[in-house]
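# got a structure for you, letters missing:
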Ligand SMILES: NC(=O)N[C@@H](CC(=O)O)C(=O)O
Ligand SMILES: [Zn+2]
Ligand SMILES: [Zn+2]
């Protein structure tokens, strides 16, 4: 008889510790080595790498308000399929997550589905309107214990408001995640990296400097307030330069890069395919090269998906009017493997850092991003690092189909995900 709460993961590569068997019982890692467990359900992990469960600092799950694009249930399934055990759900829902009650509702919906820990991000300003601070303290003290605040989708462009938000969150160890886009330099219609291509395609340009001036301002505000700022979806070499300088000064800045900004370049807009319309826009290859280097040398701390599902009818517009954003949860680890690990830019231990350990630390998430060691919560991901996969966007768990990797060939396959000892994905199947 096998006990439903006991799993024996056989022969996984535990990175530093080499190939080991891992016994998981009652939600925690009970033994590592050669445990003997007759009652366990065996998970064969020969040739697979075990990583701590992935943590996504930046996803749009669309519930409440846009359940036609994604729900917390479908987004959770996409997350588990991608190897994630925790996801931060952005606040730009309808209504906006700008109160304690709204944050608790998101948390509870995540718990109801139970496939991934859904941790709400709180809005910085009421209704994302950029005018008055939201209930930051109440959200922090709520059951949801919100620590990450963001108006993502919009930039907190008022410097005085940004300063006050940083001062406020400092009191409880919070962080402001900034969507860096100076609206006077890149307005709501800006949608293509400003350059020769935007001119040729006749699309409104989104120059890198619109991101960089906000990053520069915000690191100075972080220095002035002694508070923490996090830069969402860094997309340019210039932003990397600023962050590198700021870190060298000891300023408390962290940064994330998305899988798409690590792999896809601005030339994909040539066919006006709306799947590739995203904020900030896809950049030239020179920027991509610098982003990869910055992730490898630690200047960029984390990979975050910015999973941004959109219903078909929101993408079917003239280019300048269509919605910004693309999917990311299901392919993130494969993309990082393909563009960072396989070319030798990152080791798997570093992948564990940038996709689990560090994001959990930035978000203040207990129980995630922990080593696979006895007594730790059994949050882990098993990946086949060498399998070659042709992505089929139609097979996605997401409700939306704006998958930029559709038909592309990527290396690696997520085999299983365990959340507190329970498989949420096994043999590539979601375990409801
Ligand atoms: N990234 C995007 O292009 N879109 C995001 C908002 C955002 O991350 O800025 C969305 O909510 O759709
Ligand atoms: Zn954003
Ligand atoms: Zn976003």
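Received it, and whenever you're ready, just let me know what you need. Computed from a predicted structure; not experimentally measured. Residues are numbered from 1 along each chain as shown. Ligands and ions are numbered 1, 2, ... in the order given.
# give me the number of residues near residue 202?
10 (other C-beta atoms under 10 Å). Every residue, glycine included, has its C-beta placed from N, CA and C.
# Residue 341 too?
Residue 341 is flanked by 19 other residues according to other C-beta under 10 Å.
# for the one 3 residues further on, same thing?
Residue 344 has 8 neighbouring residues, counting by other C-beta under 10 Å.
# Check the one 10 residues further on too.
By the other C-beta under 10 Å criterion, the neighbourhood of residue 354 contains 23 residues.
# Over to residue 171?
With neighbours defined by other C-beta under 10 Å, the count for residue 171 comes to 11.
# Quick check: the gap between it and residue 269.
Residue 171 is 43 Å from residue 269, where distance means C-beta to C-beta, to the nearest Å.
# Look at stretch 334-344 and report the distance between its end residues.
14 Å (C-alpha to C-alpha, to the nearest Å).
# contacts for that stretch?
Contact with stretch 334-344 is made by 259-260, 262-263, 292, 295-296, 303, 345-348, 351, 354-355, 383, 385, 389, 391, 405, 410-414, as judged by C-beta atoms under 8 Å, 6 or more residues apart in numbering.
# which parts of the protein sit against ligand 3?
By C-beta under 5 Å from the ion, the residues of the chain that approach ligand 3 are 152, 306.
# Outline the domain layout of the chain.
Each structural domain of the chain that the record assigns through automatic domain parsing is listed here as a residue range: 6-49+376-430, 53-363.
# so, in contact with ligand 1 or not, the shortest one?
No: for domain 6-49+376-430, no contact with ligand 1 is found by C-beta under 6 Å from any ligand atom; the gap never falls below 9.4 Å.
# Return the backbone torsion pair for residue 51.
Geometry field for residue 51 lists phi and psi as phi -120, psi 150, criterion degrees, to the nearest 10.
# Tell me what it is bridged to.
Under DSSP bridges, the beta-bridge partners of residue 51 are residue 381.
# Tell me, how many residues neighbour it?
By the measure other C-beta under 10 Å, the count of residues near residue 51 is 27.
# Residue numbering should commence at 473 henceforth.
Got it, the first residue is 473 from now on, which makes the last one we talked about residue 523.
# give me every residue that touches it.
For residue 523, the residues meeting the contact criterion (C-beta under 8 Å, 6+ apart) are 487, 555, 820, 823-824, 827-828, 852-855.
# is it true that residue 758 lies in a strand?
No: the assignment for residue 758 (DSSP: H, G, I helix; E, B strand; the rest coil) gives helix, which keeps it out of a strand.
# which residues in the stretch 573-722 of the chain form helices?
608-613, 631-642, 668-673, 680-697, 709-720 (DSSP state H, counting those that start in this stretch).
# Kindly reformat these as CSV and extend each row with mean pLDDT and distance to ligand 1.
As requested, the helices of the stretch 573-722 of the chain are exported to CSV (pLDDT from 0 to 100; distance: least, C-beta to the nearest ligand atom, whole Å):
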stretch, mean pLDDT, distance to ligand 1
helix 608-613, 98, 19
helix 631-642, 98, 16
helix 668-673, 97, 17
helix 680-697, 99, 11
helix 709-720, 98, 15
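# Model confidence score at the residue of the stretch 523-672 of the chain found nearest ligand 3, please.
Residue nearest to ligand 3 within the stretch 523-672 of the chain (C-beta to the ion): residue 624, separated by 4.4 Å. With respect to pLDDT, residue 624 has a value of 98.
# Can you give me the neighbour number for it?
Using other C-beta under 10 Å, residue 624 has 25 other residues around it.
# How about it: what's its closest non-neighbour residue?
Closest residue in space to residue 624, ignoring its immediate chain neighbours: residue 651 at 4.6 Å, by C-beta to C-beta, 6 or more residues apart in numbering.
# Ok, residue 881 next?
Nearest non-adjacent residue to residue 881, counting by C-beta to C-beta, 6+ apart: residue 862, 5.2 Å away.
# Residue 734 too?
Using C-beta to C-beta, 6+ apart, the nearest residue to residue 734 is residue 811, at 5.4 Å.
# what's the answer for residue 518, then?
Excluding the flanking residues, the one nearest residue 518 by C-beta to C-beta, 6+ apart is residue 483, at 4.5 Å.
# Would it be right to say that that neighbour lies in a strand?
Yes: counting by three-state DSSP, residue 483 falls inside a strand.
# if we can go back for a sec, quick one, which of the contacts of stretch 806-816 are buried?
Buried by 16 or more other C-beta atoms under 10 Å: 731-732, 734-735, 764, 767-768, 775, 817-818, 820, 823, 826-827, 855, 857, 861, 863, 877, 882-886, out of the contacts of stretch 806-816.
# And the residue of the stretch 673-822 of the chain closest to ligand 3?
The stretch 673-822 of the chain approaches ligand 3 most closely through residue 778 (4.3 Å), counting by C-beta to the ion.
# Can you give me every residue that contacts that residue?
Listed by C-beta under 8 Å, 6+ apart, the contact set of residue 778 reads 530-532, 704-705, 730, 732, 750, 797, 800.
# Just the closest of those residues to residue 786, please.
Among these, residue 797 lies closest to residue 786 (C-beta to C-beta), at 9.2 Å.
# right, is stretch 622-636 up against ligand 2?
Yes: part of stretch 622-636 sits near ligand 2 under the criterion C-beta under 5 Å from the ion, namely residue 624.
# What's the end-to-end length of that stretch?
Using C-alpha to C-alpha, the span of stretch 622-636 from its first residue to its last is 13 Å.
# next one: phi and psi at the spatially most central residue of the chain?
When the chain is reduced to its mean C-alpha position, the closest residue under C-alpha atoms, centre = their mean turns out to be residue 776, at 2.6 Å. The phi and psi values for residue 776, taken as degrees, to the nearest 10, are phi -130, psi 140.
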